[in-house]
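> Attaching a predicted model along with its sequence, questions to come.
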Amino acid sequence: MTLLEVNNLQTEFDTDRGTVKAVNGVDLSIAEGEIVGLVGESGSGKTVLAESILRSVEEPGEIVGGEILFKGESLMDRSGVEMRRLRGSAISIIFQDPMNSLNPTIRVGEQIAETIRLHQDVGESVSLPAEMKRKIIGAAKNSEAWKRAIEMLESVQIPEPSTRAFDFPHQFSGGMRQRAMIAMALSCEPDLLIADEPTTALDVTVQAQILEELERLKDAFDTSILLITHDLGVIAEVCHKVNVMYAGEIVERARTEELFTNPQHPYTQNLLKCLPRADSEEELHSIPGNVPDLIEMDFACPFAPRCPEAEEECFEMNPDFRQVGEEGHTAACLRRGPEERQI
Ligand code: SF4
């Protein structure tokens, strides 16, 4: 069953130089129990898409079109209060740098317990000032929320969780901080977890552990995950389906295995060539040029200026989505699919 459905979503930023179309007509869907990847270079609009889904785009950004359906209901007409309630309970998000999300002055266990108190009815007042709450941590440690916080730390495999819950964030390693963030995000058992570059700041070994953790927790908590990353290697580890994003648009989508064995869009093909290979001593490939300036983008296919296969028409005609492989594998390229144009 579909949990999240995004249709023709458009988010723009009004700037002095002009309008930035950061999310430009995006369709995306996530079924219950699925891990769906969203991959693309930085500046491709991935984070703005996540913020749009959460309806937390800040000014001068604004969602100007499209719809977001969560469990079949539109999020577009929800009030700010309703969306705040939804964020953290039904939909949670974790970011690349947990230090920006964890409060350095509050013990890790208390931060998780506070999230639980805010979003779940565990019979505790949330009206006390934060300072006072910290002072009564001795009493809080016996509370239901505190016990759940320790269980959550244990579930993300923090060693000695009942002791480490008293640590401040700086006393945790980078990997432990990210685990603590995951514990906090999952503490309210959300239906959807949005993980925005959750492993980027971590070394390869810890990165693999965190990805395993996400996969295990998806099953344990029955949570769907939207995994946002610039790294196709991360996608290959855990995702069922992949959406490739470029310059505010999805340019290819497929099952993960299909995308890796039969990539079709020239951008995806180039991204795959950038992946380091253990069996090759060839120099790492990099895609020439940069993600285009979204204000000055006066060409039809957003990848045209960097595409090795670009022809004149690519600058003039918007590529539509075409089936390019097995069912569900589509790409937006004039030179792919059954309707391939002889250009
Ligand atoms: S439409 Fe043209 S420029 Fe765009 S990806 Fe396809 S071949 Fe390249």
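Perfect, I can see it now.
> Pairing partners for the helix or strand harbouring A254, with directions?
Assigned by DSSP states H and E, A254 belongs to strand 249-255. Strand pairing for strand 249-255, using DSSP bridges, gives strand 241-246 (antiparallel), strand 330-332 (antiparallel).
> got these as a markdown table, with mean pLDDT columns?
A markdown table is the format used below for the strands paired with strand 249-255 (pLDDT from 0 to 100):
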| stretch | mean pLDDT |
| --- | --- |
| strand 241-246 | 97 |
| strand 330-332 | 97 |
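> So which bits of the helix or strand immediately after the strand holding A254 in the chain are buried?
Sequence order places helix 256-261 as the next helix or strand after strand 249-255, per DSSP H and E. Neighbour-count burial for helix 256-261 flags T256, E258, L259, F260 (criterion: 16 or more other Cβ atoms under 10 Å). All C-beta atoms are positioned from the backbone trio N, CA, C, and that covers glycine.
> any idea which of those residues is the one closest to the ligand?
Distance to the ligand, by Cβ to the nearest ligand atom, is smallest for L259 among these, at 15.5 Å.
> what's the nearest residue to that closest one if we skip its chain neighbours?
V242 (4.9 Å; Cβ to Cβ, 6 or more residues apart in numbering).
> can you check A220 too?
According to Cβ to Cβ, 6+ apart, the nearest residue to A220 is S155 (6.9 Å).
> ditto for A185
Nearest to A185 is S92, by Cβ to Cβ, 6+ apart, at 3.8 Å.
> Which element, helix or strand, includes the one you found?
strand 91-94.
> Can you list the helices and strands that that strand packs against?
helix 174-186, strand 192-196 (3 or more Cβ pairs under 8 Å, 6 or more residues apart in numbering; DSSP states H and E).
> What residues of the lengthiest helix in the chain count as buried?
Selection of the longest helix in the chain by residue count, based on DSSP state H, yields helix 204-221. For helix 204-221, the neighbour count (16+ other Cβ under 10 Å) marks V206, Q207, Q209, I210, L211, E213, L214, L217, K218, F221 as buried.
> from those residues, which single one is nearest C188?
Nearest to C188, judged by Cβ to Cβ, of the buried residues of helix 204-221 is F221 at 9.8 Å.
> hmm, back to that, would you single out the least confident of the helices and strands packed on strand 91-94?
Lowest mean pLDDT within these: helix 174-186, at a mean of 89.
> follow-up on the earlier one: tell me how far the residue nearest to A185 lies from E32.
16 Å (Cβ to Cβ, to the nearest Å).
> what about the two, which has more around it?
More neighbours surround S92 than the other of S92 and E32, with 26 against 14 (other Cβ atoms under 10 Å).
> Would you check that that one makes contact with L193?
Yes: here S92 reaches L193: they are 5.2 Å apart, a contact under Cβ atoms under 8 Å.
> which residues do these two both contact?
A185, L186 (Cβ atoms under 8 Å, 6 or more residues apart in numbering).
> separation between P305 and the ligand?
8 Å (Cβ to the nearest ligand atom, to the nearest Å).
> and that residue, what pLDDT?
pLDDT, read off for P305, is 93.
> my guess is it is in a helix, correct?
Yes: assignment of P305 by DSSP: H, G, I helix; E, B strand; the rest coil places it within a helix.
> number of nearby residues for it?
Count around P305 with other Cβ under 10 Å applied: 15.
> Pull the contacting residues for it.
G289, P292, F299.
> Spit out the contact partners of the second one.
Looking back up the chat, that one is P292. Contacts of P292 (Cβ under 8 Å, 6+ apart): A247, P302, P305.
> what helix or strand is it on?
Counting by DSSP H and E, P292 is part of no helix or strand.
> so the residue nearest to M176 when sequence neighbours are not counted, which of the three states?
What sits nearest to M176 in space, not counting adjacent residues and going by Cβ to Cβ, 6+ apart, is I158, at 6.1 Å. Three-state call for I158 (three-state DSSP): coil.
> Around the ligand, pick out the residues from this structure.
265-266, 301, 303-304, 307, 309-310, 314, 319, 333-335 (Cβ under 6 Å from any ligand atom).
> give me that answer again for 5 Å
P266, C301, F303, A304, C307, E309, A310, C314, P319, C333, L334, R335 (Cβ under 5 Å from any ligand atom).
> got a list of what the third one touches?
When contacts are counted by Cβ under 8 Å, 6+ apart, F303 touches Y246, A247, V251, H265, P266, Y267, A310.
> Sounds good, over and out.
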